[in-house]
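J.: no letters, just coordinates:
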Ligand code: AMP
């Protein structure tokens, strides 16, 4: 069965893309835990990292790292989490492997803890961003994409 991410990759669902190549895509998380929260997703629709070949796995991490650097330049983040829920029992809600690149801005511990809790509590609820929220996601995506294009 097609995952939400398959539908985004096919163009059947909207997303704010920061990167697309033959192996993977990256787009803004619809329910960001911090401003700029990006997902790196292989075009190959498998659940866990172990199901990918080594070259694809390495490529995903390379793209995730480049996105983190671009987030810092574009959005002013100071550090980031690379976060993988690698299978359902690890809390994965979309059964299509992906790396969360979650920017941190310094002095944002409480805010981030609150957002992570909210994110986890509402994961099962389908999200539809408002027009304003989509504009914000799109602006952040374009800023990150512009930095990636320079690197
Ligand atoms: P996980 O719990 O690791 O499977 O994370 C799945 C992520 O996908 C969550 O952070 C969701 O907010 C995000 N997500 C779900 N649907 C969409 C969507 N349509 N566009 C962008 N991100 C999404």
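T.: In hand now; what should we look at? It should be emphasised that the depicted structure is a prediction, and the values quoted were computed from it without experimental measurement.

J.: so how far is the lengthiest helix in the chain from its chain's centroid?
T.: The longest helix of the chain (DSSP state H) is helix 54-75. Offset of helix 54-75 from its chain centre (Cα atoms, centre = their mean, to the nearest Å): 11 Å.

J.: ok, then the element right after it?
T.: strand 79-83 (DSSP states H and E).

J.: buried residues in that next one?
T.: For strand 79-83, burial by neighbour count (16 or more other Cβ atoms under 10 Å) applies to 80-81. Every C-beta, even on glycine, is put in place using the N, C-alpha and C of the backbone.

J.: how about the residue of the chain most remote from its centre, phi and psi?
T.: Here the centre of the chain is the reference, and by Cα atoms, centre = their mean the most remote residue is residue 107, at 22.1 Å. Per-residue torsions, residue 107: phi 50, psi 30 (degrees, to the nearest 10).

J.: need the three-state assignment for the most centrally placed residue in the chain.
T.: Residue closest to the average C-alpha location in the chain (Cα atoms, centre = their mean): residue 39, at 1.4 Å. Put simply, residue 39 is strand when judged by DSSP: H, G, I helix; E, B strand; the rest coil.

J.: could you tell me which residues of the protein lie near the ligand?
T.: Within the chain, the positions near the ligand by Cβ under 6 Å from any ligand atom are 4, 13, 15, 29-31, 39, 85, 91-94, 123.

J.: redo that, cut-off 8 Å
T.: 4-5, 7-8, 13-15, 27-33, 37, 39, 83-85, 91-96, 98, 100, 119, 123, 126-127 (Cβ under 8 Å from any ligand atom).
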